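Student: Build me a model:
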Amino acid sequence: MKKKTMFLLIVATAFVTFNATVFGFYALMGFNDHKVKDVMRFFGALRFIETQYVRDVDYTKLIDGAIAGMVKTLDDPHSIYLDQQMYELMRSHTEGSFGGVGIVMGFKDNKITVISVMEGTPSETAGIKTGDEIIAVDGTPTTEIEPEGVALRIRGAVDTDVTLRIHRAGEEDKDYIVRRATIQVHTVAGQMLPDTDGIGYIRIASFSEHTADEFKEAYRALEESGVKGMIIDLRENPGGLVTSCVEVANMLVPQGPVVSVVQRDGTREEYDSDLAEEKYPLVVLIDGNSASASEILAGALQDTGAATLVGEKSYGKGSVQVVLPLYDDDALKLTIAKYYTPSGRSIDGTGIDPDVAVEPQADGADDVQLLKAIDVMKGKIAGVGAKVI
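Tutor: Numbers count the residues shown, from 1 in each chain. A predicted model of the protein is given here:
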């Protein structure tokens, strides 16, 4: 009896210790009773599928699917689970050379739309056009792929082909075979506009690692040409690096905040401009494809009164993503914060309204938005130095 009692005591102690350890772990992880119950439901379903499904299952694939499903419920096109293959593709794109097709894509209203086609790239050669909707990549419908995953599938090794199925208004859906190439793009171009008496024009296509240096070069060239005012064109600019955007802002936005990045717990990181004095009047062109970092710059210039915005309402991507490596050469790309303009506006999902709204001309014969920007700039230049008497 003593041995039996001792055995039962040991078993009971082990059971209590195990439960205390498990629940202590859950407490450290911030789980309450309800969350513990949900975790147990998850593991119960996982174990039932693993042991009772009619065929053998791949345990790792079950976990991959569970994580991907969790992220999908967030209903955020910028958050995505990256399995081993997708994560490796992403790393190869950021750490080395890769092949692309020369298009900028936008993710909105559950559609993958071509925002712009870069000149001299395979997509231009193949006949892809701005406004096209990509409905399949290599035969896989884009509805079955997370938006961020579409870009990773389109990119790949140089001199290999990718087939894009395109929906174009007024035409039948069609497959376009595009051969990938090394895409080298300068993100900034500038010039003095003819017959405008000193109006300079700088186009920023995106904010990449070298954009700030390219912008400084274009800016100084216009200064040397005797510029009196500048038009900054951010149309069809999908954004890019915040740090690059802030470097550009340091040449345009008056001293003070440019953008604040705020996390869910209220933690705030502020990026500031140290520009002591504005040098030239500014007009900024935006449209429905101006997104992310381009909206940060436009919003800062509008809030500080440093520029007049002309064109159409911007895209409305005001969120920050980070990539968290997991434990099996996979990763999680997750939205963790939102951008706020100097006045405290969140542009996520709402965009920025221009000061002067101008719709593009339907046939594209004239760039009416640029023409309006020139008119606005002429008024600004005429008013520089004027005094009320």
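
Student: Quick one: mean pLDDT over stretch 329-337.
Tutor: For stretch 329-337, mean pLDDT is 91.

Student: show me the contacts for residue 294.
Tutor: Contact analysis of residue 294 by C-beta atoms under 8 Å, 6 or more residues apart in numbering lists 204, 206-207, 234, 237-239, 245, 286, 314. Using the backbone N, CA and C atoms, a C-beta is placed for each residue, glycine as well.

Student: Output the contacting helices and strands for the strand ranked longest in the chain.
Tutor: For the chain, the strand with the greatest residue count under DSSP state E is strand 331-340. Packed against strand 331-340 by the contact rule (3 or more C-beta pairs under 8 Å, 6 or more residues apart in numbering; DSSP states H and E) you find helix 59-72, strand 80-82, strand 256-263, strand 319-325.

Student: Can you tell me which of those is nearest to residue 379?
Tutor: Closest to residue 379 of those is strand 256-263 (C-beta to C-beta; 25.7 Å).

Student: I'd like the distance from that closest one to the chain centre, please.
Tutor: Centroid displacement of strand 256-263 relative to its chain, using C-alpha atoms, centre = their mean, to the nearest Å, is 17 Å.

Student: Now the phi/psi pair for residue 356, please.
Tutor: Backbone torsions of residue 356, given as degrees, to the nearest 10, read phi -130, psi 110.

Student: Find the residue closest to it in space, skipping its chain neighbours.
Tutor: Nearest non-adjacent residue to residue 356, counting by C-beta to C-beta, 6 or more residues apart in numbering: residue 310, 4.6 Å away.

Student: Residue 368 too?
Tutor: residue 361 (4.9 Å).

Student: Quick check: chain neighbours aside, which residue is closest to residue 120?
Tutor: The shortest distance from residue 120 to any non-neighbouring residue, by C-beta to C-beta, 6+ apart, is to residue 102 (7.8 Å).

Student: Report whether residue 285 is found in a helix, as I expect.
Tutor: No - judged by DSSP: H, G, I helix; E, B strand; the rest coil, residue 285 forms no part of a helix; its state is strand.

Student: Who does it form a beta bridge with?
Tutor: Taking DSSP bridges as the rule, residue 285 bridges to residue 233, residue 310.

Student: tell me the contacts of it?
Tutor: 231-235, 309-311, 369-370, 373.

Student: Can I have the buried ones of those residues as a ChimeraX selection?
Tutor: For the buried members of the contacts of residue 285, the matching ChimeraX selection, counting by 16 or more other C-beta atoms under 10 Å, is:
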select :231,232,233,234,235,309,310,311,369,370,373
